[in-house]
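Visitor: Just the structure for this:
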Amino acid sequence: MLLYIHGFNSSPQSDKAIETAHYIQRCFPDLSFIQPQLPSSPKAAMALLCGIVEQAINEGESLCFIGSSLGGYFASYLAEKYGGKAVLINPAVTPFELFDEFLGPQYNPYTDEHYQVLPEHKNDVAEFNTEVIKHPDRFLVFLQTGDEVLDYRQALTKYHCCELHLEPGGDHSFIGYKNQLDKICDFLKIS
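Guide: Numbers count the residues shown, from 1 in each chain. This next block holds a predicted model:
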């Protein structure tokens with residue numbers, strides 16, 4: 001199973017998610033590929049993700065994750081907790097430290113959803129923090145130094161022991177992502 005986890009205020013309709021879905025459909029049509037729309041509540045989002053992973057485990061499937069931004073933060077937690085391999089794209093490292101600036105009304109343009117980021121969401125997100133990566137062989141991390149949303153150096157520090165792909169420039173969306181899909185699937189051992 002390959003689980004694609006989108007970031008904050010994103011969806012399976014984002015460019016990276018669509019590019020991934022088309023690539024998997026074209027190259028690995030028999031792969032169980034899951035790309036859920038996450039609820040805006042962090043606890044509900046993680047409950048959904050854990051449910052998907054536990055069902056895959058029960059069905060004897062191997063676990064693979066691709067996580068972007070906040071999705072990378074969630075993928076780190078899942079790969080450390082359940083096993084499998086994870087590819088992180090400009091991952092959030094300590095997103096709970098950024099939550100204060102997002103408190104209040106939010107709008108997700110992909111889903112047309114209006115919702116609230118509440119003070120308790122900060123602590124909810126912090127519950128899924130993997131302070132130390134105990135299984136670095138499970139991770140491939142893609143970073144671009146031009147990320148305007150997150151400081152790539154935080155991810156460089158946290159994932160220093162993992163396989164890293166660092167590019168100068170770019171932005172938070174990871175410019176040229178689709179050109180990395182062969183490398184991503186090789187790392188995840190998708191065949």
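
Visitor: Spell out the secondary structure type for the residue minimising distance to the centre of the chain.
Guide: Nearest to the centroid of the C-alpha atoms of the chain, with distances taken as CA atoms, centre = their mean, sits Gly67, at 1.7 Å. Going by DSSP: H, G, I helix; E, B strand; the rest coil, the secondary structure assigned to Gly67 is strand.

Visitor: And Tyr23, by the same measure?
Guide: Going by three-state DSSP: Tyr23 is helix.

Visitor: Setting the sequence-adjacent residues aside, check what's closest to it.
Guide: The shortest distance from Tyr23 to any non-neighbouring residue, by CB to CB, 6 or more residues apart in numbering, is to Leu181 (4.6 Å). The way it works is simple: take the backbone N, C-alpha and C, and place the C-beta from them, glycine included.

Visitor: Count the neighbours of that neighbour for me.
Guide: By other CB atoms under 10 Å, 19 other residues sit near Leu181.

Visitor: repeat for Asn90
Guide: Counted with other CB under 10 Å, Asn90 comes out at 27.

Visitor: do Glu131 as well
Guide: If we define neighbours as other CB under 10 Å, then Glu131 has 8 of them.

Visitor: Next, it: phi, psi?
Guide: Glu131 adopts backbone torsions of phi -60, psi -40, taken as degrees, to the nearest 10.

Visitor: dump the residue contacts of the residue nearest to the centre of the chain.
Guide: For Gly67, the contact set (CB atoms under 8 Å, 6 or more residues apart in numbering) comprises Tyr4, Ile5, Gly7, Tyr73, Phe74, Ala75, Ser76, Ala86, Val87, Leu88, Ile89, Pro91.

Visitor: Tabulate these in TSV, adding columns for pLDDT, neighbour count and distance to Cys185.
Guide: What follows is the contacts of Gly67, written out as TSV (pLDDT from 0 to 100; neighbours: other CB atoms under 10 Å; distance: CB to CB, whole Å):
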residue	pLDDT	neighbour count	distance to Cys185
Tyr4	98	23	12
Ile5	98	29	16
Gly7	96	27	20
Tyr73	98	27	22
Phe74	98	30	20
Ala75	98	29	15
Ser76	98	28	19
Ala86	98	28	13
Val87	98	30	9
Leu88	98	30	15
Ile89	98	27	14
Pro91	98	29	18
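
Visitor: Cross the residues you listed against strands and list the overlap.
Guide: Tyr4, Ile5, Ala86, Val87, Leu88, Ile89 (DSSP state E).

Visitor: and the two most separated of those?
Guide: Farthest-apart pair in these is Tyr4 and Leu88; separation 11.9 Å (CB to CB).

Visitor: and the residue nearest to Tyr23, that's in a helix?
Guide: Yes: applying three-state DSSP, one finds Leu181 inside a helix.

Visitor: Many thanks, I have nothing further to ask.
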